[in-house]
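Participant: fold the following, please.
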Amino acid sequence: MAKLNLYSNDGKISGGVEASDAVFMAPENEYVVNETMNWYLASQRQGNACAKTRAEVSGGGKKPWRQKGTGRARAGDNRPPHWRKGGVAHPPRPRDYSFSLPIKVRKAAIRTVLSSKAREDKIKVVDKFALADAKTKEMVKFLKALGAKGSVLIVLPEEDIIVDRASRNIKGIKVSSGKTLNVYDLLKYDEVVMTKDTIKAIEEAFV
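Facilitator: Now for the predicted structure:
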């Protein structure tokens with residue numbers, strides 16, 4: 001079993017927490033991480049870019065000038081792509097960029113990144129978030145005592161209104177759930193702070 005340090009509210013190591021080797025001591029696998037990141041980012045794309053062809057822009061229908069005798073190139077329409085206010089050649093169309101990815105690959109990516117964070121000692125486990133009130137200053141005080149540096153991803157077993165309200169105005173802080181954890185957030189944030197109950201939720205979801 002992997003062992004993670006357990007921190008008290010004053011930032012001191014008060015003990016250890018046992019965690020599954022399959023989740024927090026998994027071997028590195030860059031391939032599944034890369035594939036899962038591509039899948040996640042593709043799923044976030046709106047794909048609503050759109051432009052009109054020469055058949056869809058307004059105008060046209062009338063021959064601009066007669067076929068011969070003007071000295072200009074022949075033209076049958078005033079909306080081709082090379083004309084001002086003309087249509088677009090091969091325009092972008094609304095499309096769905098998402099693609100399917102096996103759940104096993106996505107879970108393997110989560111385990112790989114969590115294990116990498118654990119080896120680098122960037123996962124801080126606390127018994128619970130002891131906040132006196134849902135105030136920003138309380139969360140800042142708590143993270144400072146914990147020694148969390150840089151951006152922080154707070155992972156909870158379930159929604160906590162107090163923690164969410166106390167952290168929503170702090171730049172570089174995000175609150176997530178253990179069951180909805182994703183590779184993008186794990187890679188984006190420098191450190192991960194979670195409770196002991198969160199470890200159980202993660203193991204149930206990603207083993």
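
Participant: residues near Val183, how many?
Facilitator: 21 (other C-beta atoms under 10 Å). For every residue, glycine as well, the C-beta is placed using N, CA and C.

Participant: what segments of the protein are strands?
Facilitator: Along the chain, the segments classed as strands by DSSP state E run 2-7, 13-19, 123-126, 152-156, 173-177, 191-195.

Participant: need the ones you listed in JSON lines with mean pLDDT and distance to Ala42, can you?
Facilitator: Shown next, in JSON lines, are these (pLDDT from 0 to 100; distance: least, C-beta to C-beta, whole Å):
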{"stretch": "strand 2-7", "mean pLDDT": "87", "distance to Ala42": "32"}
{"stretch": "strand 13-19", "mean pLDDT": "86", "distance to Ala42": "31"}
{"stretch": "strand 123-126", "mean pLDDT": "92", "distance to Ala42": "28"}
{"stretch": "strand 152-156", "mean pLDDT": "94", "distance to Ala42": "22"}
{"stretch": "strand 173-177", "mean pLDDT": "92", "distance to Ala42": "20"}
{"stretch": "strand 191-195", "mean pLDDT": "94", "distance to Ala42": "24"}
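
Participant: redo the ones you listed as TSV? Include distance to Trp39 and mean neighbour count.
Facilitator: Listed next are the strands of the chain as TSV, based on distance: least, C-beta to C-beta, whole Å; neighbours: other C-beta atoms under 10 Å:
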stretch	distance to Trp39	mean neighbour count
strand 2-7	27	17
strand 13-19	26	14
strand 123-126	24	21
strand 152-156	20	23
strand 173-177	18	18
strand 191-195	21	23
